[in-house]
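Colleague: output the structure for:
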Amino acid sequence: MTYDLVLFGATSFVGQITARRLVERIGIDGDINWAIAGRNASKLHQVAEATGALVPELIVDAADETAVREMAESTKLVVSTVGPYAMYGSGVVAACAGSGTDYCDLTGEPHWMAAMISAHQETAKASGARIVHACGFDSIPSDLGVLFLQDLAHHQFGAPAQRVELIVKAMKGGASGGTIASLINIMEEMSEDPSLRKTLTNPYVLTPDGKGTGVRQPNPNGLRHHDEEDLWLAPFVMAGTNSKVVHRTHALLDHPWGDFVYTEEMATGSGPLGAAKAGAVTAGLGGFMGLVALGPTRRLMERFVLPSPGEGPSAQAQEEGFFGIVVRGTTADGDVARVSVTGDQDPGYGSTAKMLTEAALTLGATSRTSTPGGFWTPATAMGDDLIEALIDHAGLDFRALD
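Modeller: Just a heads-up that it's a prediction; the model follows:
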């Protein structure tokens, strides 16, 4: 193999941030031999010069099966930022699974993850390829936050938390055109195939065959008051993806948390103002999803309102962004453990690029004895090693709360 790592999609918005982060983290002439890849040679070279990623440049179009296969065969690990993944990512996963190449990405598209697991799990197991989806804000804080909480609950109470509530208490950051494009693509696929709605609303859709059912899960879709935390809560837009990843982790660990119930919501404050904000967030999210669900309004919003692919928050906005999450777990006996997960940059881009970088480097350093071939989650593939890397290098903090 020529490379230890190839960043595929380096010309995308988050790909450029990730390229810059890799330069900062591992340099361009260190022990890790890496390359950047994309379909447009001119844009790829511009990214190399702008980010300092003066490493080999591979011209690879996601639609070119031969080029994708050659890329996968040339490296130990592919890091993909090419989305929407349902449109551009399937060939890369197939090539990595077939060639025994490790892979991680940033997808928040659960229907696509389910399709990739179904199509390539046995191939990846046979080849030794470790495939890890959702290595950004979707879904590392959720997946590793729950793992960290459960470790705390076992330490404090000798029992798992059977009910876990993730509450986003603070978040500042913008959306890129790539994220919007992924959402739009899901809506368009649903309009063509209404059966996808069942997939997208099934909390267990990512769990392995034979483990795809469990206790009935709540579906927070309105405002409510959390009496113990004294907070008003509204729906969290990423809950649908994150919860599926967390339930896959629970299944892959062989259900150590029992009759596990999991929710994610966004805090809007306390008192009457918090209630008003929760109502506004709930109504605004419902209105936005309703508009993008309809073809005519979706196309108008794409043309005049929503950012285009390649657009996103400025470098200053990324630096000024942050997120703060509380994960609250309650055992069967009613004991409560609480942890915080925080990030020091824009969650979707600045922090996400750092999370993806650490996931890639940690996966690359993880032995295939401890994590053999197959489709894993961040928590089951890398667990505490990734938590440590995120604390040491990515500006995240995992901390027990009183």
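Colleague: in a strand, residue 369, correct?
Modeller: No: counting by DSSP: H, G, I helix; E, B strand; the rest coil, residue 369 is located in no strand; its state is coil.
Colleague: check contacts around residue 32.
Modeller: Counting by Cβ atoms under 8 Å, 6 or more residues apart in numbering, residue 32 makes contact with 4-5, 26, 361, 364. To be clear about C-beta, it is placed using only N, CA and C from the backbone, and glycine gets the same treatment.
Colleague: so of those residues, which ones are in helices?
Modeller: 26, 361, 364 (DSSP state H).
Colleague: is it true that residue 323 touches residue 145?
Modeller: No: using Cβ atoms under 8 Å, residue 323 makes no contact with residue 145, being 11.2 Å away.
Colleague: from the contacts of residue 32, which would you call buried?
Modeller: Buried subset of these (neighbour count, 16 or more other Cβ atoms under 10 Å): 4-5, 26, 361, 364.
Colleague: between those, which sits nearest residue 207?
Modeller: Nearest to residue 207 among the buried ones among the contacts of residue 32, counting by Cβ to Cβ, is residue 364 at 26.5 Å.
Colleague: what are the phi and psi angles of the closest residue to that closest one other than its chain neighbours?
Modeller: In space, and not counting its chain neighbours, residue 364 is closest to residue 77: 5.2 Å by Cβ to Cβ, 6 or more residues apart in numbering. Backbone torsions for residue 77, taken as degrees, to the nearest 10, come to phi -150, psi 130.
Colleague: and for residue 83?
Modeller: phi -130, psi 170.
Colleague: who's in contact with it?
Modeller: Residues in contact with residue 83, defined by Cβ under 8 Å, 6+ apart, are 9, 12, 89, 106-107, 109, 178, 181-182.
Colleague: compare those and tell me which is most surrounded.
Modeller: residue 106 (32 neighbours; other Cβ atoms under 10 Å).
Colleague: measure that residue to residue 378 for me?
Modeller: Going from residue 106 to residue 378 by Cβ to Cβ, to the nearest Å gives 11 Å.
Colleague: overlap in contacts of those two?
Modeller: The contact sets of residue 106 and residue 378 overlap at 134-135 (Cβ under 8 Å, 6+ apart).
Colleague: so for residue 290, what's the pLDDT?
Modeller: Looking at residue 290, its pLDDT stands at 66.
Colleague: for the remainder of this discussion, apply numbering that starts at 42.
Modeller: From this message on, residue numbering opens at 42, which makes the last subject residue 331.
Colleague: and of the contacts of residue 124, the nearest to residue 304?
Modeller: With Cβ to Cβ as the yardstick, the closest approach to residue 304 among the contacts of residue 124 comes from residue 150, at 21.0 Å.
Colleague: residues in contact with the closest one?
Modeller: By Cβ under 8 Å, 6+ apart, the contact list for residue 150 reads 124-127, 223, 226-227, 282.
Colleague: okay, the residues you listed in JSON lines with secondary structure next?
Modeller: Below are those laid out as JSON lines (three-state DSSP):
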{"residue": "124", "secondary structure": "coil"}
{"residue": "125", "secondary structure": "coil"}
{"residue": "126", "secondary structure": "helix"}
{"residue": "127", "secondary structure": "helix"}
{"residue": "223", "secondary structure": "helix"}
{"residue": "226", "secondary structure": "helix"}
{"residue": "227", "secondary structure": "helix"}
{"residue": "282", "secondary structure": "helix"}
